[in-house]
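Chemist: have a look at this fold, sequence not included:
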């Protein structure tokens, strides 16, 4: 019986379990056994694994997080530890290693390809949706919905107290969550790292909103731009004579990456998993699953390295029109 | 000042208000006034309208339903009533009529183009997502999430009582909701009108699931295939000697089309609305907004007439693998 | 080491797992082992059990349904099968049997007290909240919230189409869910089995709402009064000349009893479980846990037999005022 | 026609609109007109009001926040401004002022009783549920559910990364939210201002959980105890040699006080509002609505002044047992 390895790596996100289930069931469907390593590369090094079959993945589809756990493993940068990892993989007679991760994890795993010729198959996941080469990564839709629902709640308070509110969403290097959430909640302003706005533009936007008679405003801020705490302090200081009221802030943080996955993430994670295994069965090697122009395809794994996906400026245009 | 007309028509769905807001704000952005007719074509005939400006659409983005109301209007099939409708439109000096609706509504509105040369712009919405010519119609994602969340709840009961459960979802002519929901909830079987399965296949699937040790099963049934009540009665009768327990059913019904729209629907509805107005501003006529291969584009309105979108058989394949 | 038995019986509901966890952890805290029987009385007869300890109940607090499963067991009415059940209990040296169930299950278990002197401890659960002797039973709050959220969604459709909608909620003999939900959704009319209204009063209420200018209405109907299908057909027939539009209906059904329990149910189920075990440790016998006037107390198990809790007519009064 | 005044004051919370609706509809039911002042005491001073009737409160039952807005008004401490407020009240011929607020607002309003003999009626609301004299205040149940749902999501991350997580919930002076949420999410430790724990106890609890093999832990922290940021820094420093991993934190903040109210809050807010108006109609004066031992009653308004409700130590006991 053929064998494949499987692991989840990097920050967790909703949809990982749906993808694990899909990989395992598709593998079993094609008579392939799945050796699932725990805590990402750590499990490879320590040979900490479990055999997953179609029964053992029952009931996980709708669960957030990852049943395989995830962890950082700095030792994997060291060739000697990668050698140990590869030896473990060889012991199991594993033909390919499936990595559900971001581009950092893809690059890590790819070292096993370069060092030892191991077949590496990447399935993209990150709530930030900034993996180069694919329009979609598992977890994004749920994260956006989580953030949106939280801001819908904050809006009640903001309206009742007629305040300006800065809400910090995830996105250390990337504004995808902020842009999508900004449209979804009707934010008066959305701030993303890819297109920095000078402070005076932010101030003018706030003052213009007040002038137009808006009694409250939501500013969606990607964490990569600034901390909401600092920005609110700065703006409170600079606008203190402008009668805009005290600007408050909220950091949404970890609630964005947890919870039961949305339908979109469950379906995409399932399709990504089925597709990855079927392409492997058909003989493809060293690829990542990509979603482009509404279709699934494979791309060389290296395509995602050292690049980032950049949002479209056009989204900004939409935000400007709709925040009227 | 230029003027456009706007109405929502057909069954309501989540995202209509988000789209109304986007049309109105984009129109105002380009100095166009919006005459919004109530209850679809009924409002045209009765000249029952309201002027919407950017302020009057504040706070509706996250609301289900349609603030413009919707209704069936059989009189619109009669030329004399259409003439009255057109005269009302002329009184307002409306240059184009924006119809947020399904293909039935598009065909209805198109008669005003044929009869009187009115510029008709269609924005596709239907929870069924079966409008020909576009990969997406407003409302689908929310409906799928609504159905999924309901079935997640039913699964608790099903597991605790070790039952087989038939859940009827919407889709009179179309299996898109059922297919998507089937993957999202991990249904053991999904039944859609486009690919009828003989009864004995359904029975065998149930018996095979039991054999494999599954203690419960969810069957997702599109309403176009059969009524859940009748199918459960039929199966209970035919399987009564097979020790599969009593098969129960639930019709999800109207909870699928209500509720606050998902992030995806808010964003898509917003983009559809902005795009439609901008294409109008650029001089395009008699088009529907379409989403294809991940991009927004315009298509001749007639393209959607008398055709239906058909789901991909490949989805069935995924369902089969994942329901293992 | 002392031992107790535990089972869940009757229809499942949210909060059962929270209560199982509380019973098991409290028992372990007092050095008591828990023998948990599967599928209610069926597990007793077939000695189908598992030993639950504090670790094995980790992660179940927030789950709907019951990990112990539940089933009907008609054989338990037969003394010979109860004798087998009791012998199984004796084999385990079980000192008391904890039954999380409704009054039917309490009466069933009580036969083991009458026949063999077994100490029976009842913890009340039923989404209907109609167990005599306690103001609260596990599952009610979640069921009410589930129904309310579903009706909030249906309201969007009802408003957009300006319809009258009959929503059937659970409550075969009891109107508690209907009454609570009626207030929570602002129903124009609430119909419960305990206070039957003549049909003409229902008709007059509908007509009066229309007269007052209400464009839509929600009627919450407890299933014990009539089927929503039949009532809507009847009203459509009788009001067909009254210009109230077509009256539609929706049966909420099983979505009411599933899903993650609300905070209230998690907390109450936890408190009920801790309290039951602590009273057992203190030597109390043959009691049910009751919640009365905001306090937990014990009552003789028989108190709940052959009686039902009746809602307060005053609630009707509130409904009348608020549905103005 | 009789007239009453109405305002909401202090921090907003879910259920205020349900209560406004109940007060207005009940007043109209008894032929009383409602003069609703905006932004709490600010509206009294500035005579900024609107007349609410039963129609104008349609559709607000399920909305978070307050349609009457709320604000701080330091000028109300000054007799001269209170005099202006009272003169405005007199102009309207208002017989009693209904204040939906916390004990701070009750004390503020009571000055109008002391200064000018105005009949003041208080309806308790605060998500903290710490108003002395009533077991329940509007908003608590929703806040607890909001916090619980957020922590359910954080738990996915916590489990996947095997971390210890400190979650800060609201409660500046009071641990009610923390205690309830702690039980509802199965927190390993709950920290509240009323019963401070020495730091070494917190450390020992963490170490003990690790020893028992728990791979992750949630600590629920009321904001009145410490900031989550500081506590996590402190614990990370003190436990850095103990192999417990990095302790992370999240401040839930404003998402707790927004959102559509839970069924419990809608029903309680409705009952509080109906009860308050009916007691006024019956001639009672200067009271607050209280909920005690499962019943609604009136209490002298002063009863809530300068005291706080204290949670029961017994809850701690339950937390200890269940966090095993």
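Modeler: Received, thanks. Owing to the predicted nature of the structure, the values given are computational and were not obtained by experimental measurement. Numbers count the residues shown, from 1 in each chain, chains lettered A, B, ... in the order given.
Chemist: is any part of whichever strand or helix holds residue A:4 close to chain B?
Modeler: Using DSSP states H and E, residue A:4 maps to strand A:2-8. No - for strand A:2-8, no contact with chain B is found by CB under 8 Å from any CB of the partner chain; the gap never falls below 15.3 Å. Where C-beta positions appear, they are placed from N, C-alpha and C, glycine not excepted.
Chemist: strand partners (parallel or antiparallel) of that strand?
Modeler: strand A:32-37 (parallel), strand A:96-101 (parallel) (DSSP bridges).
Chemist: sort out which residues of the first one are buried, please.
Modeler: Okay, so that is strand A:32-37. A:32-37 (16 or more other CB atoms under 10 Å in any protein chain shown).
Chemist: so what touches that strand?
Modeler: Here strand A:32-37 makes contact (CB atoms under 8 Å, 6 or more residues apart in numbering or on different chains) with A:1-7, A:20, A:23-24, A:27-28, A:43-44, A:48-53, A:68, A:92, A:94, A:277, A:281.
Chemist: cool, and stretch A:38-50?
Modeler: Residues contacting stretch A:38-50 (CB under 8 Å, 6+ apart): A:5, A:7-10, A:35-37, A:56, A:68-73, A:75-76, A:81, A:84-85, A:88-89, A:91-92, A:101, A:105, A:108-109, D:162.
Chemist: and the strands in the stretch 201-324 of chain A?
Modeler: Counting by DSSP state E, counting those that start in this stretch, the segments of the stretch 201-324 of chain A that form strands are A:217-222, A:247-251, A:287-292, A:295-300.
Chemist: now do the last one: which elements does it pack against?
Modeler: If contacts are counted by 3 or more CB pairs under 8 Å, 6 or more residues apart in numbering or on different chains; DSSP states H and E, strand A:295-300 sits against helix A:263-281, strand A:287-292.
Chemist: please name the nearest non-neighbouring residue to the closest residue to chain C within the stretch 201-324 of chain A.
Modeler: Nearest residue of the stretch 201-324 of chain A to chain C: residue A:260, at 9.0 Å (CB to the nearest CB). Spatial nearest neighbour of residue A:260, chain neighbours left out: residue A:62 (5.0 Å); criterion: CB to CB, 6 or more residues apart in numbering or on different chains.
Chemist: mind giving me the ChimeraX command for buried ones among the contacts of strand A:32-37?
Modeler: Buried residues among the contacts of strand A:32-37 (16+ other CB under 10 Å), as a ChimeraX selection:
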select /A:3,4,5,6,7,20,23,24,27,28,43,44,49,52,68,92,94,277,281
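Chemist: ok, back up a step: among the contacts of stretch A:38-50, which are in helices?
Modeler: With helices taken from DSSP state H, the overlap with these comprises A:81, A:84-85, A:88-89, A:91, A:105, A:108-109.
Chemist: pick the one among those closest to chain C.
Modeler: When the ones in helices among the contacts of stretch A:38-50 are compared against chain C (criterion: CB to the nearest CB), the nearest one is residue A:105, at 26.3 Å.
Chemist: count of neighbours near that closest one?
Modeler: Counted with other CB atoms under 10 Å in any protein chain shown, the neighbours of residue A:105 add up to 25.
Chemist: also residue A:214?
Modeler: 17.
Chemist: looking at it, it is touching residue A:189, isn't it?
Modeler: No - at 11.4 Å, residue A:214 does not count as touching residue A:189 under the criterion of CB atoms under 8 Å.
Chemist: picking that back up, mind putting the helices and strands packed on strand A:295-300 into CSV with mean pLDDT and distance to residue A:229?
Modeler: Output for the helices and strands packed on strand A:295-300, formatted as CSV (pLDDT from 0 to 100; distance: least, CB to CB, whole Å):
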stretch, mean pLDDT, distance to residue A:229
helix A:263-281, 98, 30
strand A:287-292, 98, 36
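Chemist: dump those into a markdown table; add distance to chain C as well.
Modeler: Below are the helices and strands packed on strand A:295-300 laid out as a markdown table (distance: least, CB to the nearest CB, whole Å):
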| stretch | distance to chain C |
| --- | --- |
| helix A:263-281 | 16 |
| strand A:287-292 | 30 |
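Chemist: which of those is buried the deepest?
Modeler: Per-stretch averages of neighbours, counted by mean count of other CB atoms under 10 Å in any protein chain shown, single out helix A:263-281 among the helices and strands packed on strand A:295-300, with a mean of 25.
Chemist: chain center to that helix, what's the gap?
Modeler: Centroid separation for helix A:263-281 versus its chain: 16 Å, with CA atoms, centre = their mean, to the nearest Å.
Chemist: what do you get for stretch A:26-35?
Modeler: 27 Å.
Chemist: end to end on that stretch, go ahead and measure it.
Modeler: Stretch A:26-35 has an end-to-end distance of 14 Å (CA to CA, to the nearest Å).
Chemist: thinking again about what came up before, deepest-packed of the strands of the stretch 201-324 of chain A, please.
Modeler: Most buried among the strands of the stretch 201-324 of chain A, counting by mean count of other CB under 10 Å: strand A:217-222, with a mean of 26.
Chemist: sheet partners, orientation included, of that one?
Modeler: Using DSSP bridges, the strands paired with strand A:217-222 are strand A:164-169 (parallel), strand A:189-191 (parallel).
Chemist: report the angle between the longest one and strand A:247-251.
Modeler: Which is strand A:164-169. Here strand A:164-169 runs at an angle of 20 degrees relative to strand A:247-251 (axes from the mean of the first three to the mean of the last three CA atoms, to 10 degrees).
Chemist: and the next helix or strand after strand A:164-169, what does it pack onto?
Modeler: Under the assignment DSSP H and E, the closest C-terminal helix or strand after strand A:164-169 is helix A:176-185. If you count contacts as 3+ CB pairs under 8 Å, 6+ apart, helix A:176-185 packs onto helix A:140-161, strand A:164-169, strand A:189-191, strand A:217-222, helix A:313-322, helix B:263-281.
Chemist: on that earlier part again, distance of the residue of the stretch 201-324 of chain A closest to chain C relative to residue D:124?
Modeler: Separation of residue A:260 from residue D:124 (CB to CB, to the nearest Å): 35 Å.
Chemist: compare the two (neighbour count), which wins?
Modeler: It is residue D:124, of residue A:260 and residue D:124, that has more neighbours when counted by other CB under 10 Å, with 29 against 22.
Chemist: ok, now which ones touch the more buried one?
Modeler: Here residue D:124 is in contact with D:101-103, D:131, D:134, D:136-138, D:272, D:288-290, D:304 (CB under 8 Å, 6+ apart).
Chemist: part of a strand, is it?
Modeler: Yes - according to DSSP: H, G, I helix; E, B strand; the rest coil, residue D:124 belongs to a strand.
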